[in-house]
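Visitor: Sharing a model that was predicted from the sequence below.
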Amino acid sequence: MTRARGRAPTTQGLSQDGRLRRAAGGDIEALVEVCRQSFPRSLRWQGTPRGARQWWQAVLASPAAETWVFESSGAVWGFCVLVIDPDTWLREAGRRQVPLLLGLWSLASCPAVVAAKIWGRLAAAVVRRTCAVPPDAADRPDPKTWVELIAVHPVRRGGGVARQLLEACEARTRDLGGAAIGLSVELGNEQALRLYERAGYVGMAPAGARRVYVKALP
Ligand SMILES: CC(C)(COP(=O)(O)OP(=O)(O)OC[C@H]1O[C@@H](n2cnc3c(N)ncnc32)[C@H](O)[C@@H]1OP(=O)(O)O)[C@@H](O)C(=O)NCCC(=O)NCCS
């Protein structure tokens with residue numbers, strides 16, 4: 001396990017199996033790398049690495065969230081952040097914000113990311129018109145935990161890693177006495193939407209460019 005701390009993944013020596021464990025401070029570089037590979041339209045991840053590291057430092061130090069990583073062949077390939085205490089998480093929002101100067105620097109140095117983001121928002125506005133809401137959506141229990149972020153390195157996608165991470169979040173929610181788990185996804189993110197729908201999550205009415213999904217836990 002110690003071999004994995006801080007190492008970004010390489011494609012050499014992959015094995016099919018891996019394990020889930022809680023993230024630690026030594027995983028930050030690997031987590032930043034998975035994010036950079038997974039969110040090409042996000043200024044937080046495509047901008048200055050310092051801002052990205054600060055976000056992870058704040059998240060790993062927070063009692064309001066648990067980060068789980070998928071580790072295989074001595075490297076971290078995927079992660080999810082499960083928020084378990086929404087009030088504290090929202091109160092701590094300022095700690096996760098990129099400082100103004102770093103943010104401006106990221107904006108100036110990533111014009112392609114800014115353009116892609118604007119384009120993505122426009123595309124999402126079109127998709128929003130076609131989103132159907134299931135008739136029983138309003139009956140779903142209000143989730144007390146939610147998946148804030150989930151990502152898998154591109155070279156390990158399609159192998160069930162995200163499914164395992166989601167199941168771990170659901171199991172933790174049950175342990176904590178929760179009856180439902182939620183998450184929100186950007187409209188147009190087809191891979192993620194398919195993953196959630198296949199895993200039994202039900203879409204609520206879209207809010208802005210995103211849509212909330214909820215799964216009731218037996
Ligand atoms: C969305 C994302 C997390 C999915 O990760 P993933 O590990 O590829 O997801 P999974 O493998 O668990 O499931 C995806 C597909 O693989 C399939 N799969 C599961 N186990 C499999 C296996 N052993 N062999 C082959 N395929 C498998 C799943 O059935 C699913 O199939 P589908 O494409 O027909 O629906 C990943 O694409 C990603 O990181 N995207 C960028 C970040 C992002 O958008 N995150 C979500 C923000 S809300």
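Guide: Perfect, thanks for sending it.
Visitor: Please make it C-alpha for all contacts and neighbour counts, starting now.
Guide: OK.
Visitor: Just want the phi and psi numbers for Gly178.
Guide: As for Gly178, its main-chain torsions (degrees, to the nearest 10) stand at phi -80, psi 150.
Visitor: Identify the residue nearest it in space, chain neighbours excluded?
Guide: Lys144 (6.5 Å; CA to CA, 6 or more residues apart in numbering).
Visitor: Look up the pLDDT of Ile150 for me, please.
Guide: Among the per-residue scores, Ile150 shows a pLDDT of 98.
Visitor: secondary structure class for it?
Guide: Under DSSP: H, G, I helix; E, B strand; the rest coil, Ile150 falls in the strand class.
Visitor: Give me the spatial nearest neighbour of it, chain neighbours excluded.
Guide: Cys80 (4.2 Å).
Visitor: Tell me the first helix or strand C-terminal of the helix or strand in which that neighbour is found.
Guide: According to DSSP states H and E, Cys80 maps onto strand 75-83. Sequence order places helix 86-91 as the next helix or strand after strand 75-83, per DSSP H and E.
Visitor: And that following helix, what does it pack against?
Guide: The helices and strands touching helix 86-91, judged by 3 or more CA pairs under 8 Å, 6 or more residues apart in numbering; DSSP states H and E, number zero.
Visitor: which parts of that helix are buried?
Guide: Across helix 86-91, burial judged by 16 or more other CA atoms under 10 Å covers Trp89.
Visitor: Touching that helix from outside, list them.
Guide: Ser62, Ala64, Ala65, Val83, Lys144, Thr145 (CA atoms under 8 Å, 6 or more residues apart in numbering).
Visitor: can we see that at 7 Å?
Guide: Identification of contacts with helix 86-91 by CA atoms under 7 Å, 6 or more residues apart in numbering yields Ala64.
Visitor: so where is this protein shaky, pLDDT-wise?
Guide: Across the chain, the ranges flagged by pLDDT under 70 are 1-16, 100-107, 110-141.
Visitor: switch the cut-off to 80
Guide: Low-confidence segments of the chain, defined by pLDDT under 80: 1-16, 98-142, 205-209.
Visitor: can you list the residues of it near the ligand?
Guide: Within the chain, the positions near the ligand by CA under 6 Å from any ligand atom are 38-39, 149-152, 157-163, 185, 191-192, 194-195.
Visitor: what's the closest residue to Ser184 other than its chain neighbours in contact with, if anything?
Guide: Counting by CA to CA, 6+ apart, the nearest residue to Ser184 once its immediate chain neighbours are dropped is Val212, at 4.2 Å. By CA under 7 Å, 6+ apart, the contact list for Val212 reads Gly182, Leu183, Ser184, Val185, Gly203, Met204, Pro206.
Visitor: Widest-spaced pair of these?
Guide: Across these, the longest distance by CA to CA is 13.6 Å; it joins Gly182 and Pro206.
Visitor: Counting neighbours, go ahead and name the busier of these two.
Guide: Between Gly182 and Pro206, counting by other CA atoms under 10 Å, Gly182 is the more crowded of the two (23 against 20).
Visitor: ok, the more buried one to Leu31 distance?
Guide: As for Gly182, its distance to Leu31 is 22 Å (criterion: CA to CA, to the nearest Å).
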